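>>> I'll drop the sequence and a predicted model, then ask my questions.
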Amino acid sequence: MNYDEDDNISKLKFIGKIKKGEKINLKSNVSVYVQPNNLITKINRSFFAVDSRSNTLNFLTETIKKGFDELLVHIKNNTLFDKQIATNMMIDLDNCKNGLESIKDTYSDDLMFCCKIDTILQDIDARLTEIKSKHNLDKK
């Protein structure tokens, strides 16, 4: 594994740990963290450290897409190490659904954003189901 892959796996774990009422701050690629959904955060994100739902959606879709790409590489390598990494990544991708549900709750006032999150959730379920079936893998 390389730094980029380790970083993406960490981002998958991060997504899975997001709680209701938290927003992702993406003002730089180096510093990704959550902020509470309150008035100070809204003012800060609107005027000073401009961040948007679009940035959040891009972060989520890119991280999850890279996660599936990396997962398939580990499945194909077929070593014991790669099998364990693949199993861990499948768990991380499945756990992303919890964070996505929390983000959806945080942005419940934005119907289209919530529909996009629903689409990502359905995509995760479909892809994990296909991968488990095609490669005879079980989630631990």
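Yep, it's here.
>>> is it true that Asn8 touches Thr63?
Yes: Asn8 lies in contact with Thr63 (CB atoms under 8 Å); the separation is 6.2 Å. C-beta here means a position set from N, CA and C on the backbone, and glycine is covered the same way.
>>> ok, which stretches of this protein are strands?
In the chain, the strands defined using DSSP state E lie at 22-25, 33-36.
>>> Out of those, name the one with the poorest average pLDDT.
If those are sorted by mean pLDDT, strand 33-36 sits at the bottom with a mean of 66.
>>> as a whole number, average confidence for whichever helix in the chain runs longest?
Ranked by residue count and defined by DSSP state H, the top helix of the chain is helix 80-106. Average pLDDT, helix 80-106: 96.
>>> Of all the residues in that helix, which ones are buried?
Across helix 80-106, burial judged by 16 or more other CB atoms under 10 Å covers 82, 85-90, 92-93, 96-97, 99-100, 102-104, 106.
>>> where does this structure dip in pLDDT?
Along the chain, segments meeting pLDDT under 70 span 1, 27-31, 33, 35-38, 40-51, 137-140.
>>> can you pull out the helices in it?
Going by DSSP H, the chain shows helices at 3-16, 39-43, 53-77, 80-106, 111-135.
>>> would you list the ones you listed in CSV and tack on distance to Lys23?
Below are these laid out as CSV (distance: least, CB to CB, whole Å):
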stretch, distance to Lys23
helix 3-16, 13
helix 39-43, 6
helix 53-77, 7
helix 80-106, 6
helix 111-135, 12
